[in-house]
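Asks: Next come a sequence and a model predicted from it.
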Amino acid sequence: MFSYNSALMKHKKIHKGEKEFICLQCGKRYRRRIDLAYHVRIHTGEKPFKCLVCGKTFCFKSSLTSHERLHRREKPFGCLECGKNFSQNIHLACHMRIHTGEKPFKCLECGNRFGQSRTLANHMKIHTGEKPFRCLQCGKSFRQTANLSSHMRIHTGEKPFKCLQCGKSFRQRGHLASHVRTHTGEKPFSCLECGKSFSRGSNLARHMQSHRGEKPFKCSHCGKSFCERSKLRTRQQIHPG
């Protein structure tokens, strides 16, 4: 039941799909004036909601509320599959695609599909050749800011990932993970041809070259080729000089 005729008329517009409030900047339409007002902030840059902890500002109160959970370390949205928790519901929704296998974002260039839009955006840089993140030390450029951050540790010498078994430190988390397998003996990368297992994916890739007959490592002295770099080094020791 509706108390006023105006409220009833507004409600009927929902069923009719009427959107009478139009953004003069981009032409997008809305059913409610308040929704248009929120939208206009995207164009004006207005961010009236400010975080009292760090000073960051937001267009919408809901965005501020989500941000404040980071400071309080609240993660109320839990995955029922694996128990991982998130501060925002949208992050949980993205995470769930790992379990469901859903990949709604498709590359129009090569057809590859991705679970997240930002993963697709990063992938597209492969096709465009775009590398917008540049190292100010040596000028090398990267497609992703995470890759630049890892690269910068070469210049700073920082090795934040430490092995709890032996104390050895690494610049990248992936390198630590590979190293830990030397302690555990784990070899998760198996050859489908012969069943041989490896601790690193790169070692499996090199091994697969032997099945395909690939010999990319060529001796500059005698021209003989090898499937592994180590065998090339052994061969080069035979040659004088």
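Replies: That came through fine.
Asks: When you work out contacts or count neighbours from here on, use the C-alpha atoms and nothing else.
Replies: OK.
Asks: can you list the domain ranges for this protein.
Replies: 19-74, 187-241 (automatic domain parsing).
Asks: worst average pLDDT in those?
Replies: Mean pLDDT values for the domains of the chain show the minimum at domain 187-241, a mean of 82.
Asks: how far does that one sit from the chain's center?
Replies: Taking C-alpha atoms, centre = their mean, to the nearest Å, the mean C-alpha location of domain 187-241 is offset from the chain mean by 31 Å.
Asks: So for the chain, the centremost residue is which one?
Replies: Thr119 (5.3 Å; C-alpha atoms, centre = their mean).
Asks: Let me have the domains of the chain in JSON lines, adding mean neighbour count as columns.
Replies: Listed next are the domains of the chain as JSON lines, based on neighbours: other C-alpha atoms under 10 Å:
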{"stretch": "domain 19-74", "mean neighbour count": "14"}
{"stretch": "domain 187-241", "mean neighbour count": "14"}
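Asks: Pipe those into TSV and attach distance to Glu130 per row.
Replies: Listed next are those as TSV, based on distance: least, C-alpha to C-alpha, whole Å:
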stretch	distance to Glu130
domain 19-74	27
domain 187-241	26
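Asks: got a pLDDT number for Gln165?
Replies: So, for Gln165, pLDDT stands at 91.
Asks: Torsion angles phi and psi at it?
Replies: phi -80, psi -50 (degrees, to the nearest 10).
Asks: what's the closest of the domains of the chain to Asn147?
Replies: Closest to Asn147 of the domains of the chain, according to C-alpha to C-alpha: domain 187-241, at 18.5 Å.
Asks: if we can go back for a sec, average pLDDT across the helix or strand harbouring the residue nearest to the centre of the chain?
Replies: Take DSSP states H and E as the rule and Thr119 turns out to sit in helix 117-128. Mean pLDDT, helix 117-128: 89.
Asks: who's in contact with it?
Replies: Helix 117-128 has contacts (C-alpha atoms under 8 Å, 6 or more residues apart in numbering) with 105-107, 109, 113-114, 131, 143-144.
Asks: Check which residues of it are buried.
Replies: 120, 123-124 (16 or more other C-alpha atoms under 10 Å).
Asks: again, but for stretch 75-84
Replies: Buried positions in stretch 75-84, judged by neighbour count with 16+ other C-alpha under 10 Å: Phe77.
Asks: okay, how far is it across it, tip to tip?
Replies: Using C-alpha to C-alpha, to the nearest Å, the end-to-end distance of stretch 75-84 comes to 9 Å.
Asks: Show the contacting residues for Asn85.
Replies: 75-79, 92 are the contacts of Asn85 under C-alpha under 8 Å, 6+ apart.
Asks: Contacts for stretch 207-225 next, please.
Replies: With C-alpha under 8 Å, 6+ apart, stretch 207-225 has contacts from 191, 193, 226-229, 232, 235-236, 239.
Asks: so which of those comes closest to Gly167?
Replies: The closest of the contacts of stretch 207-225, once distances to Gly167 are taken by C-alpha to C-alpha, is Arg229, at 29.1 Å.
Asks: do you know how far the closest one is from Arg171?
Replies: For Arg229, the distance to Arg171 - C-alpha to C-alpha - is 24 Å.
Asks: Run through the residues that contact the closest residue to Arg41 other than its chain neighbours.
Replies: The shortest distance from Arg41 to any non-neighbouring residue, by C-alpha to C-alpha, 6 or more residues apart in numbering, is to Cys59 (6.4 Å). Counting by C-alpha under 8 Å, 6+ apart, Cys59 makes contact with 38, 41-42, 45-49.
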